[in-house]
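Chemist: Okay, structure incoming, though there's no sequence with it:
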């Protein structure tokens, strides 16, 4: 985990843009599209807890998901696509690296299968990455979930599940970074 510590949630509106960006990057993943969507929102709204802040961003993401606008869907996909691929060796954020550590412990055959599933997922849902709250689940369990979601083939459900997973991940990170 990184040495970054979240500031008190009550003070978020008074933080600089750079500091609010660091909060978003620590809770979610570094993503210019998320910064554009949420930085002013974090400046204008007071939050009672990090769960409140995360839920509010979840609403922003859901609003994009439910919008009939193609540009809103593309914007959301940029945000959801900011998460690293599952099982990747090179992961940018310290939080994602720690969360995925257990997925890099299986054999080479499982690693190849996970890479292939990532490829298949991204072909099925162009612009998206498979986002899931790993939360101690094993690579085989995660890969079975990937197969089910690929077979389902519903991009709207994928976006909804990815938003929920992003918020679950952010809530878990908030606990660890306070």
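Modeler: Happy to help now that I have it. All values derive from a computational prediction rather than experimental measurement. Numbers count the residues shown, from 1 in each chain.
Chemist: How about the contacts made by residue 153?
Modeler: By C-beta atoms under 8 Å, 6 or more residues apart in numbering, residue 153 lies in contact with residue 124. In short, each C-beta sits where N, CA and C put it, glycine included.
Chemist: Could you list the single helix or strand in this structure with the lowest mean pLDDT?
Modeler: Comparing every helix and strand of the chain by mean pLDDT, DSSP states H and E singles out helix 94-100 as the least confident one, with a mean of 56.
Chemist: need the next SSE after that helix, C-terminal direction.
Modeler: Next helix or strand after helix 94-100 toward the C-terminus (DSSP states H and E): helix 108-124.
Chemist: List the buried residues of that following helix.
Modeler: For helix 108-124, the neighbour count (16 or more other C-beta atoms under 10 Å) marks 110, 111, 113, 114, 117, 118, 121, 122, 124 as buried.
Chemist: who's in contact with the longest helix anywhere in the chain?
Modeler: In the chain, taking DSSP state H as the definition, the longest helix is helix 155-177. Outside helix 155-177, the residues that touch it by C-beta under 8 Å, 6+ apart are 1-2, 4-6, 26-28, 50-51, 54-55, 57-58, 61-62, 65, 73, 76-77, 79-80, 83, 95, 99, 125, 128-133, 135, 149.
Chemist: can you do 6 Å?
Modeler: 6, 26-28, 50-51, 54, 58, 61-62, 65, 80, 95, 125, 131-133 (C-beta atoms under 6 Å, 6 or more residues apart in numbering).
Chemist: Off-centre distance for it?
Modeler: Remark: helix 155-177 is offset 5 Å from the chain centroid, using C-alpha atoms, centre = their mean, to the nearest Å.
Chemist: That helix vs helix 108-124, what angle?
Modeler: Helix 155-177 runs at 130 degrees relative to helix 108-124, counting by axes from the mean of the first three to the mean of the last three C-alpha atoms, to 10 degrees.
Chemist: Sort out which residues of helix 155-177 are buried, please.
Modeler: Neighbour-count burial for helix 155-177, counted by 16+ other C-beta under 10 Å, picks out 155, 158-159, 161-174, 177.
Chemist: One more: stretch 20-36?
Modeler: For stretch 20-36, a neighbour-count test (16+ other C-beta under 10 Å) marks 20-29, 31, 33-35 as buried.
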